[in-house]
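# Quick one: sequence and predicted model below, then my questions.
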Amino acid sequence: MTDHTKQDPPADATAASQPRLAASVILLRDAPGGLEAFVQHRVSTMDFAAGMVVFPGGRVDAADTSGWDYPAELLQQHADAWRLSSIGANGNASAGTVLTAAIREVQEEAGLSINAADLRPWANWITPTDMPKRFDTYFYLAKPAPGAEPQHQTTEAWQSLWMPVHAILESEAAGALKMMPPTYYLLKEIAEFETVDALWSAEHPVVPVLAPVGSLAAFLKERESRR
């Protein structure tokens, strides 16, 4: 993620559409060939990230703001991890809301019930201000319990499956797969680790990434030139 750093909002940021809170979950497992991630291949008719390889996730809903009861210590850990983000000022309440959205999305899109303790805050990416549809997305690492198996059950994707992290990146480099910048850069980070435990125990402060104006279009244009 060294290609994009945190930046101050531009002078015309007030004219930009406000990003909606979203959560995304990077389900990971160890495999003989290295780390594998559970990814979805979105259908080409979607109005956002059409045809892209993505992680399970989606927008935070109003229902996610209540009805949960996580251990106070876990909530505080998550709030501390997100302290530099837009939800940082709201502490445990917002941390619980986004965590609930992440757990719900994995259940809805992959049919997998995942324990809150098996989710680790990892990254926060905000869509550039020049884009009409914007998200303030909170990415989690997740290690499903042994034997737990996510499924393909979302109509937003034509395929959902485990793929080797290195193979995803190689296919993207060859022009066979398409990804949004956060997916690409997060997978590049993950590819530096050999096991889920090594990744889980790594020091990794969350620094929000607001990519510069024009960066998304430039990223996609450069990838399109490979095809």
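Noted; the coordinates are in hand.
# Remind me what the helix ranked longest in the chain packs against, helices and strands.
Looking across the chain with DSSP state H, the single longest helix is helix 91-110. Helices and strands touching helix 91-110, by 3 or more CB pairs under 8 Å, 6 or more residues apart in numbering; DSSP states H and E, are strand 20-29, strand 57-59, helix 72-81, strand 119-126, strand 135-142, strand 157-164. Quick note: C-beta positions are derived from backbone N, CA and C, even for glycine.
# Mean neighbour count, those: which tops it?
For the helices and strands packed on helix 91-110, the largest average neighbour count (mean count of other CB atoms under 10 Å) is found in strand 135-142, namely a mean of 24.
# which helices and strands sit right next to that strand?
The contact analysis (3+ CB pairs under 8 Å, 6+ apart) places strand 135-142 against strand 20-29, strand 57-59, helix 91-110, strand 119-126, helix 181-190.
# For residue 211, which of these is the nearest?
helix 181-190 (6.4 Å; CB to CB).
# Can I get that closest one in PDB, CA atoms only?
Output in PDB follows, covering the C-alpha atoms of helix 181-190 (Å, rounded to 0.1, in the frame of the first residue of the first chain):
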ATOM      1  CA  PRO A 181      -7.100  -0.700  -5.800                       C
ATOM      2  CA  PRO A 182      -7.800  -1.700  -2.100                       C
ATOM      3  CA  THR A 183      -8.200  -5.400  -3.000                       C
ATOM      4  CA  TYR A 184      -5.000  -5.300  -5.000                       C
ATOM      5  CA  TYR A 185      -2.900  -3.600  -2.500                       C
ATOM      6  CA  LEU A 186      -4.300  -5.500   0.500                       C
ATOM      7  CA  LEU A 187      -3.600  -8.800  -1.300                       C
ATOM      8  CA  LYS A 188       0.000  -7.600  -2.000                       C
ATOM      9  CA  GLU A 189       0.400  -7.000   1.700                       C
ATOM     10  CA  ILE A 190      -1.000 -10.400   2.600                       C
END
